[in-house]
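mind looking at a prediction? Sequence and model below.
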Amino acid sequence: MIKTINKKDLELKCLHLIGKTLVELGQTKPAKDKIVLAQGLSRILITKFYKLHWDAVEAAFDDGVLESEEFHLCNKTMFKWLAAMKQKIYLGWDNLQKGDYYRIDQRTMELLNNQKLIG
């Protein structure tokens with residue numbers, strides 16, 4: 001869970017994720033801007049999404065790059081992507097409780113297992 005990760009380690013993970021995402025979006029930013037974005041992402045995670053696991057954060061960014069119309073990486077975009085992933089996990093959990101397994105894609109099922117919502 002995010003809340004169990006040391007702040008410095010979290011910022012380094014965020015910096016790596018920011019760099020990877022910028023490459024996937026075809027953007028370049030100076031190192032200073034990447035650090036600012038990583039610190040912003042770290043703050044968002046600590047204050048709003050502290051119960052997510054890191055693999056859910058990475059999945060949110062992967063989905064955001066592939067599915068979103070947002071191609072400008074900023075705090076607002078990152079928040080949208082994380083909120084969408086949180087909603088996807090909750091919806092998957094709800095479908096699981098109803099027995100609607102066919103509505104849950106494989107990646108969401110893996111995230112549910114990792115979030116310890118099932119098993």
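Arrived safely.

Ser68 is in contact with Lys76, isn't it?
No: Ser68 lies out of contact with Lys76 (Cβ atoms under 8 Å); the separation is 11.7 Å. From N, CA and C alone the C-beta is placed, and that goes for glycine too.

list residues touching both of these two?
Among the neighbours of Ser68, none is also in contact with Lys76 (Cβ atoms under 8 Å, 6 or more residues apart in numbering).

and the pLDDT at the spatially most central residue of the chain?
The centroid of the chain falls nearest to Val57 when counting by Cα atoms, centre = their mean (2.2 Å). At Val57, the model reports a pLDDT of 96.

isn't it right up against Lys48?
No: with contact defined as Cβ under 8 Å, Val57 and Lys48 do not form a contacting pair (11.6 Å).

shared neighbours of the two, anything?
Taking Cβ under 8 Å, 6+ apart as the contact rule, Val57 and Lys48 both touch Leu82.

state the helix or strand in which the closest residue in space to Lys20 that isn't next to it in sequence lies.
Setting aside the residues directly before and after it, Lys20 is nearest to Phe61 in space (Cβ to Cβ, 6 or more residues apart in numbering), at 7.8 Å. Following DSSP states H and E, one finds Phe61 within helix 54-67.

can you check Trp93 too?
Applying DSSP H and E as the criterion places Trp93 in helix 75-98.

centre of the chain to that helix, how far?
Relative to its chain's centre, helix 75-98 lies at 9 Å (Cα atoms, centre = their mean, to the nearest Å).

buried ones in the helix or strand following it?
Per DSSP H and E, helix 75-98 leads on to helix 106-114 as the next helix or strand towards the C-terminus. Along helix 106-114, these residues count as buried under the neighbour rule (16 or more other Cβ atoms under 10 Å): 108, 111-112, 114.
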